[in-house]
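> Mind looking at a prediction? Sequence and model below.
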Amino acid sequence: IRATPERLSSGRKPGGPARFDMGLISDGPHPVLAVAGLRVAQVRAIFTLPRQFGTYTRALAYIEWFTPFRTPDPSSGMRLVSRLTRHCR
């Protein structure tokens with residue numbers, strides 16, 4: 001999973017857009033439906049804590065959550081999600 005900022009062009013090197021990968025996150029076992037228990041999230045930043053906060057050495061991720069999967073769209077058969085706009089799950 002990657003989260004990279006926009007790269008500005010420098011000399012002959014072209015710039016590039018920011019990349020924020022998406023992922024499916026399991027929130028527990030749900031055997032009834034294949035998508036039940038899965039949530040969509042987008043990684044916005046990967047970071048480590050400064051030493052002043054202790055010696056936690058693993059990378060952390062700031063993620064943006066999406067709504068739970070809704071019923072499939074009648075015309076495409078795909079399940080719909082949208083970005084969450086509040087601090088809720």
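Sure thing, it's come through.

> Does residue 69 touch residue 37 like I think?
No: applying CB atoms under 8 Å, one finds residue 69 not in contact with residue 37, separated by 10.0 Å. All C-beta spots, glycine's among them, are computed from the backbone N, C-alpha and C.

> Quick one: neighbours of residue 60, just the number.
Other residues within reach of residue 60, judged by other CB atoms under 10 Å, total 11.

> strands paired with the lowest-mean-pLDDT helix or strand in the chain, and their directions?
Counting by mean pLDDT, DSSP states H and E, the chain has its least confident helix or strand at strand 3-4, which shows a mean of 84. With DSSP bridges as the test, strand 3-4 is paired with strand 19-20 (antiparallel).

> What lies in contact with the longest strand seen in the chain?
Identified as the longest strand of the chain according to DSSP state E is strand 38-47. If you take CB atoms under 8 Å, 6 or more residues apart in numbering as the criterion, strand 38-47 is touched by 1-3, 20-27, 59-66, 68-69, 81, 89.

> Please name the bridge partners of the residue nearest the centre of the chain.
Computing the C-alpha centroid of the chain and ranking residues by CA atoms, centre = their mean puts residue 42 first, at 1.6 Å. Beta bridges link residue 42 to residue 22, residue 64, judged by DSSP bridges.

> low pLDDT regions in the protein?
Scanning the chain for pLDDT under 70 picks out the ranges 30-34, 87-89.

> now do 50
In the predicted model of the chain, no residue satisfies pLDDT under 50.

> Would you mark the buried spots in stretch 41-58?
41-43 (16 or more other CB atoms under 10 Å).

> before we move on, back to that, ChimeraX command to pick out the buried ones of the contacts of strand 38-47?
The buried residues among the contacts of strand 38-47 can be selected in ChimeraX (16+ other CB under 10 Å) with this line:
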select :3,20,63,65,66,68,69,81
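
> Just give me the neighbour total for residue 39.
19.

> Next, find the distance separating it from residue 75.
Shown here: residue 39 relative to residue 75, a distance of 24 Å by CB to CB, to the nearest Å.
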